[in-house]
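> I'd like to go over a predicted model; first the sequence, then the structure.
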Amino acid sequence: MDLTLHCHWRDRNGPWALTVSHNGRAWELFAATPVGSESLPFADPDEVRQLAQALLDLPAEPEPYEFEWQLSQTEVTRNKREFTHYATFSIGLDPSDGHRPYLAYQSYFHWGQTSALGLEVICEDPPVDDLRAQAHAFLTGFPGPTHPQR
């Protein structure tokens, strides 16, 4: 069974996506815009279980709700300098917009004395029922301990 959590949509600029899947080595978050894409690994499978549980627990009624994950990956470049790619991934209900549901991804890069913004991908009004169904299938197909940090 191919266990994934995903939100795909299209606007006038083209396709967008936020997808969590296993790449054969680790669980990763893939973010795509019409002009580019990137992916970052989760620290461990339990983070993915927490994400699925957070989607499953997304409240139906307006109330404060947000979960956030910090992802990062450091590589050493050819010239022996560290290059780190960071991202924040959030799931929640936006209190400034009638508690609308959202998925949000923002990345940035750091190398040497330089930092730069990366991709920003925001899925407003995601298909909550579909995401809950994906989360339920994920947790059923990939059981294990989960300890959400609330």
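Nice, thanks for sending it over.
> drop to CA atoms for contacts and neighbour counts, all remaining ones
Fine.
> need the nearest residue in space to Ala104, chain neighbours excluded.
For Ala104, the nearest residue in space outside its immediate sequence neighbours is Ile122; the separation is 4.4 Å by C-alpha to C-alpha, 6 or more residues apart in numbering.
> show me the contacts for that neighbour.
Taking C-alpha atoms under 8 Å, 6 or more residues apart in numbering as the criterion, Ile122 is in contact with Tyr102, Leu103, Ala104, Tyr105.
> grab the nearest non-local neighbour of the first one.
Spatial nearest neighbour of Tyr102, excluding adjacent residues (C-alpha to C-alpha, 6+ apart): Glu124 at 4.6 Å.
> tell me how far the residue sitting furthest away from the middle of the chain lies from Ser39.
In the chain, the greatest distance from the average C-alpha position (C-alpha atoms, centre = their mean) is reached by Asn79, at 30.8 Å. Using C-alpha to C-alpha, to the nearest Å, we find Asn79 at a distance of 23 Å from Ser39.
> how about the contacts made by Leu103?
With contact set as C-alpha under 8 Å, 6+ apart, Leu103 has these partners: Phe89, Ser90, Ile91, Gly92, Ile122, Cys123, Glu124, Pro126.
> reformat these as JSON lines; add distance to Ser21 and pLDDT.
Written out in JSON lines, the entries for these read as follows (distance: C-alpha to C-alpha, whole Å; pLDDT from 0 to 100):
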{"residue": "Phe89", "distance to Ser21": "15", "pLDDT": "97"}
{"residue": "Ser90", "distance to Ser21": "17", "pLDDT": "96"}
{"residue": "Ile91", "distance to Ser21": "17", "pLDDT": "96"}
{"residue": "Gly92", "distance to Ser21": "20", "pLDDT": "95"}
{"residue": "Ile122", "distance to Ser21": "18", "pLDDT": "95"}
{"residue": "Cys123", "distance to Ser21": "18", "pLDDT": "93"}
{"residue": "Glu124", "distance to Ser21": "21", "pLDDT": "89"}
{"residue": "Pro126", "distance to Ser21": "18", "pLDDT": "92"}
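> of these, which is the nearest to Phe109?
Taking C-alpha to C-alpha as the measure, Phe109 lies nearest Phe89 of the contacts of Leu103, at 15.0 Å.
> JSON lines for the contacts of Ile122, including pLDDT?
Shown next, in JSON lines, are those (pLDDT from 0 to 100):
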{"residue": "Tyr102", "pLDDT": "95"}
{"residue": "Leu103", "pLDDT": "96"}
{"residue": "Ala104", "pLDDT": "96"}
{"residue": "Tyr105", "pLDDT": "97"}
